[in-house]
Structure formats: structure tokens, C-alpha cells
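*Asks:* coords below, sequence missing:
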């Protein structure tokens, strides 16, 4: 892999960590990782694209080496404004935008909100949030969802991060939860995903408060409006063995120019589990609209 350059973008005194690969004169490809992940998730894909693109990967707030911003500040809209601020600070335009899982949800919203800045979009299993699907199955009034969120916030204040004896123990836990990922990928993600504690142990870098989904992120109507506002060519990638269901046709039909690619045998981490196939599909997609 090609080692990235590392820098920080200051947003009103709060830092966002950014990795970059390739010549800044090349077309920009912006990568957005998923929940509880970090920017080094893209090291393999970025290295493969670095000869043709200026690849940028951002640690979302509360993740990786970016600053934590505290409970109640991790709604999708908070992440979208961070992406917008980083794009502005880095002078990016005509962006090829790629997002995985929650990063895919963020990418959809950025592309819909700033269509003039996005050349193309790839969302890996990132169209419908679980809370959107839950709300569709059993609708709850906003006050009920808001109270449940507040109760969850109060419970989570009592949580303490799990401490590991070493990086290998953290990697073993990651491997247990991701049986379809190879040992080398697990080791790399764990190495970049943990930090040393004051007492000599290791914990994951992410803020536990990131887990809480804001109650207003459950609006399926907003999602329909978001999809309809996406003007660029869009690639949707789904794993054939994933627990994430593909969106219904009426949802997808709202995206004017899209194609959906399935990766048999892969699950939610398809860009790792079927890396070569995903990279081929992404490269072909990007080259057709470059």
C-alpha cells in the first residue's frame, strides 16, 4: 500500500483528521468511512487509485484521529457540514464521492445538498438507515422517538470503553465480529483503530456517543427528497450475503442516474471481502465519467 500524507482541518477549534494520496492536480476522490470506523479503512482502495486521482479520506468527528464533539452532536447533518467544511478548506471540486455504510448515507446527503461539487457518487450499502426501516415497519411519533433517544443517552453516559491488553486482543474481537474479513485486513484496521490508555491498556479510538442515531434521522420522506436531488451518476454496491437489505425499487427509482452492483459471497464489508471485484467495478464506473 502507498502511505498517505496526514493533515488536520480546523473547524472552529475542532480538528478533523485527513489522509491524502496522489497528485492534487488530479481529479478528486473523497472517501467517507462508516460508523465506528476510520479513514484508514480506505488505504487499499486509495492506494490503487492514487496514480489517477487525488484521493482524500476524512476521519469523521468522534472517529479515528479527529476530535470528539460530545453527545448529541453525531447526527448525519453534523457529519455533512464537516464534509462541507473540509471540502471548502481543501479546495475540492468536481468530486468523485465514495462512502461506506453510514459514510454512504452521509455521501448521499452531501451529493444532494451540493450537487455542483459532486461529479459522481458511490454508496456501499448506504441508502436506508436501520432506523428508517424500523420506522417504516412500526411508525413511532416523534415525541416517542425523542424520549427513547434521551433515555438511551442517559443510559449510555454510564458506559465505559472496553479496555484491551494489547492490539492483538482488540484485533481478535474485531475478527470475531467480522468472520468474512481476512487476518491482514483485520490487523491493519485494528492497528489504526486503537489508542493507548493512561493505564497502559488499549481502547478503540471512536467516541461511544457516535452509536446514538438522532431521532430525526429516521425520516423516510427526507430520504426520498435526498435521493431525488442527486444529479450525478451513482453506483450502489451491495453484498450478496449482507444483513443490509437492498432498497425497494420505488426508492431507487428516485435516483435519476444509478446502477446497482451485487457482490456474491460478500457481506457488509464488501470493499474488503471482495476488494478486487469492488475495485474493478468502481474503477470502471469512475473511468466512464471521468
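*Replies:* Structure's in. What do you need? Here the structure is a predicted model, which means the values were calculated and not measured.

*Asks:* Only C-alpha atoms from now on, for both contacts and neighbour counts.
*Replies:* Noted.

*Asks:* Count the residues that sit near residue 42.
*Replies:* When neighbours are counted by other Cα atoms under 10 Å, residue 42 registers 23.

*Asks:* In stretch 244-256, which residues are buried?
*Replies:* For stretch 244-256, the buried set under the neighbour-count rule, 16 or more other Cα atoms under 10 Å, comprises 244, 246, 251, 252, 254, 255.

*Asks:* pLDDT, secondary structure and distance to residue 5 for those - can I get that in a markdown table?
*Replies:* Putting the buried residues of stretch 244-256 into a markdown table (pLDDT from 0 to 100; DSSP: H, G, I helix; E, B strand; the rest coil; distance: Cα to Cα, whole Å) gives the following:
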| residue | pLDDT | secondary structure | distance to residue 5 |
| --- | --- | --- | --- |
| 244 | 87 | coil | 33 |
| 246 | 88 | coil | 35 |
| 251 | 86 | helix | 38 |
| 252 | 91 | helix | 36 |
| 254 | 93 | coil | 38 |
| 255 | 94 | coil | 35 |
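
*Asks:* Let me know the closest of the residues you listed to residue 22.
*Replies:* Relative to residue 22, the closest of these is residue 255; by Cα to Cα it sits at 30.6 Å.

*Asks:* in the stretch 51-200 of the chain, which spans are helices?
*Replies:* 76-90, 102-113, 130-137, 142-156, 167-177, 183-193 (DSSP state H, counting those that start in this stretch).

*Asks:* Dump those helices into CSV; add distance to residue 61, mean neighbour count and mean pLDDT as well.
*Replies:* Shown next, in CSV, are the helices of the stretch 51-200 of the chain (distance: least, Cα to Cα, whole Å; neighbours: other Cα atoms under 10 Å; pLDDT from 0 to 100):
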stretch, distance to residue 61, mean neighbour count, mean pLDDT
helix 76-90, 7, 17, 96
helix 102-113, 12, 25, 95
helix 130-137, 21, 14, 71
helix 142-156, 18, 13, 82
helix 167-177, 21, 16, 93
helix 183-193, 14, 18, 95
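
*Asks:* quick one: which of those is nearest residue 38?
*Replies:* Residue 38 lies closest, by Cα to Cα, to one member of the helices of the stretch 51-200 of the chain: helix 183-193, at 6.8 Å.

*Asks:* Now do the same contact list for residue 84.
*Replies:* By Cα atoms under 8 Å, 6 or more residues apart in numbering, the residues touching residue 84 are residue 110.

*Asks:* what about it, distance to residue 177?
*Replies:* Using Cα to Cα, to the nearest Å, one obtains 32 Å as the distance from residue 84 to residue 177.

*Asks:* got it, and residue 199?
*Replies:* In terms of Cα to Cα, residue 199 sits 26 Å off from residue 177.

*Asks:* Please render the helices of the stretch 51-200 of the chain as JSON lines that adds distance to residue 262 to the earlier fields.
*Replies:* JSON lines is the format used below for the helices of the stretch 51-200 of the chain (distance: least, Cα to Cα, whole Å):
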{"stretch": "helix 76-90", "distance to residue 262": "26"}
{"stretch": "helix 102-113", "distance to residue 262": "16"}
{"stretch": "helix 130-137", "distance to residue 262": "20"}
{"stretch": "helix 142-156", "distance to residue 262": "33"}
{"stretch": "helix 167-177", "distance to residue 262": "22"}
{"stretch": "helix 183-193", "distance to residue 262": "21"}
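
*Asks:* May I see the buried residues of stretch 63-79?
*Replies:* In terms of neighbour count (16+ other Cα under 10 Å), stretch 63-79 has its buried residues at 63-69, 71, 73-77, 79.

*Asks:* any low-confidence regions in the stretch 1-150 of the chain?
*Replies:* Applying pLDDT under 70 to the stretch 1-150 of the chain picks out residues 131-132, 135.

*Asks:* Please give me every residue in contact with the nearest residue to residue 194 once chain neighbours are set aside.
*Replies:* Once flanking residues are discounted, residue 194 sits nearest to residue 204: 4.3 Å by Cα to Cα, 6 or more residues apart in numbering. Residues in contact with residue 204, defined by Cα under 8 Å, 6+ apart, are 161, 162, 193, 194, 195.

*Asks:* Those into JSON lines, with extra columns for distance to residue 126?
*Replies:* Output for those, formatted as JSON lines (distance: Cα to Cα, whole Å):
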{"residue": "161", "distance to residue 126": "27"}
{"residue": "162", "distance to residue 126": "28"}
{"residue": "193", "distance to residue 126": "22"}
{"residue": "194", "distance to residue 126": "25"}
{"residue": "195", "distance to residue 126": "28"}
